[in-house]
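sequence below, structure please.
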Amino acid sequence: IEIKTRSNLELWRDLASQQQDETSSPIRISFPIATTKESLTLDLEVVACPPTILSVETFCRFEQSIFVGVPLHIAVEPLQLQHTTTPRIAWFVNDQVVQQNTNTYIPTANDVGHKIQVVVSPTTTTTVGAEAYEFVNTVEAMPVLPIVHSLRQDWTTTARAAESKGNKQLLRVVTYNLLADQYAKQGDIHHCPPAVLERNRRMPLLLSELLAYQADILCLQEVDAHIFETLYQPVLNSQGYTGFFTGKLSGQQEGCAMFWLTSKWTCQEQTDVGINELLLLSSDDDDDDEENDDHELHTA
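This next block holds a predicted model:
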């Protein structure tokens, strides 16, 4: 059978004449047969404006090191969604669903040696799409840190014991200098192998350390702005914290961050103050005090 071809323009006119809306419905297209007056008819399922995800965000673009107990997080920003507002999320390990309907997954000891996949499905009332992503590295057991582990365990055990006795006034504050990634790359830290300083490995381990202290308030220094946005803020938010970042006035892409447990604290006001401003303010106060002292001596 010789079937006559049809131009794209003819097909689009045919589709438009059938007045399709944004839902999925059958489209009937006819192709004339050259040797007869008959035509070959095809019924096609055409989806107009399918739900689409342009991209998702995660720390190091799925190339981070993955450790047992360290949360993984993916973010699907509203601007990256088309024709949908409710993507479904499913986490897979070894081709088995391990968690659904959450942006965060915490790897377990059973996941060691396996890769983790996440499937994000944009949906409408009639259509479900799917975008699959896979983390590059397999899950690792947490490295042994004998000195740090024992010190941390003593501190957290004491804190938990006080809480179990009804001491609700206990306040746990952790302050930590993270060593900004831009400084770790400058080669000034000679006692550490370069692989240990790689941010895709070092930052998740630091995150694990911070969570292990079970602090009420976290005060962090040398926080990279980009790592705050892609790792610390989303993961700590998922673990019950909220907070903010303040960059340096010098324009460096690092600064300080503070987080607090939302179950215990509510932010009433936020003010960013640069250290240089404080020093200038302190200097002005000292000058005023000296002037007052001189005036008092002069009038005595």
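
tell me how far stretch 79-86 is from the chain's mean position?
Stretch 79-86 sits 18 Å away from the centroid of its parent chain (CA atoms, centre = their mean, to the nearest Å).

how about stretch 149-165?
With CA atoms, centre = their mean as the basis, stretch 149-165 stands 29 Å off its chain's centre.

can you tell me what sits against it?
Leu170, Arg172, Glu209, Ala212, Tyr213, Gln214 (CB atoms under 8 Å, 6 or more residues apart in numbering). C-beta here means a position set from N, CA and C on the backbone, and glycine is covered the same way.

average pLDDT for it?
For stretch 149-165, mean pLDDT is 76.

is His114 in contact with Asp95, as I believe?
No - in terms of CB atoms under 8 Å, His114 does not count as a neighbour of Asp95; the distance is 9.4 Å.

from the contacts of stretch 149-165, keep the buried residues only.
Among these, the ones that count as buried by 16 or more other CB atoms under 10 Å are Arg172, Glu209, Ala212, Tyr213.

need the max-distance pair from the contacts of stretch 149-165.
Leu170 and Glu209 (20.5 Å; CB to CB).

what about Leu280, helix or strand, and which?
helix 275-299 (DSSP states H and E).

quick one, what contacts Leu236?
Leu207, Leu210, Leu211, Leu218, Thr242, Gly243, Phe259.

pick out the most distant pair among the residues you listed.
Largest pairwise distance in the contacts of Leu236, by CB to CB, is 15.8 Å, between Leu207 and Thr242.

more neighbours, those two?
Set side by side, Leu207 and Thr242 show more neighbours around Leu207, with 21 against 15, by other CB atoms under 10 Å.

isn't that one up against Val235?
Yes - if you go by CB under 8 Å, Leu207 and Val235 touch, sitting 6.1 Å apart.

mutual contacts of those two, please.
Joint contacts of Leu207 and Val235 (CB under 8 Å, 6+ apart) are Pro71.

is Tyr232 in a helix, a strand, or coil?
Under DSSP: H, G, I helix; E, B strand; the rest coil, Tyr232 falls in the helix class.

isn't it up against Leu207?
Yes - proximity of Tyr232 to Leu207 meets the contact threshold set by CB under 8 Å, at 6.7 Å.

the helix or strand encompassing Phe245 pairs with which strands?
Under the criterion of DSSP H and E, Phe245 resides in strand 241-247. Sheet pairing of strand 241-247 (DSSP bridges) gives strand 254-261 (antiparallel).

state the pLDDT value of Asp188.
71.

that should have said Ala184, apologies.
Value for Ala184, per-residue pLDDT: 87.

for it, grab the count of nearby residues.
Ala184, neighbours per other CB under 10 Å, totals 20.

what of Leu210?
Neighbour number of Leu210 under other CB under 10 Å is 21.

may I see the buried residues of the helix or strand encompassing it?
Taking DSSP H and E as the criterion, Leu210 maps to helix 199-212. Neighbour counts over helix 199-212 (16+ other CB under 10 Å) mark 199-212 as buried.

in JSON lines: these, plus distance to Leu281.
Converted to JSON lines, these look like this (distance: CB to CB, whole Å):
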{"residue": "Arg199", "distance to Leu281": "35"}
{"residue": "Asn200", "distance to Leu281": "40"}
{"residue": "Arg201", "distance to Leu281": "41"}
{"residue": "Arg202", "distance to Leu281": "36"}
{"residue": "Met203", "distance to Leu281": "34"}
{"residue": "Pro204", "distance to Leu281": "39"}
{"residue": "Leu205", "distance to Leu281": "38"}
{"residue": "Leu206", "distance to Leu281": "33"}
{"residue": "Leu207", "distance to Leu281": "35"}
{"residue": "Ser208", "distance to Leu281": "38"}
{"residue": "Glu209", "distance to Leu281": "34"}
{"residue": "Leu210", "distance to Leu281": "31"}
{"residue": "Leu211", "distance to Leu281": "36"}
{"residue": "Ala212", "distance to Leu281": "37"}
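
before we move on, the earlier item: show me which of the contacts of stretch 149-165 is closest to Thr86.
Using CB to CB, these come closest to Thr86 at Gln214, 33.5 Å.

skipping its backbone neighbours, what lies nearest the closest one in space?
Thr156 (5.7 Å; CB to CB, 6 or more residues apart in numbering).

counting neighbours, what do you get for that neighbour?
15.

wait, is it part of a helix?
Yes - looking at Thr156 with three-state DSSP, it is inside a helix.

from Gly243, how far out is it?
Distance of Thr156 to Gly243, given as CB to CB, to the nearest Å: 21 Å.
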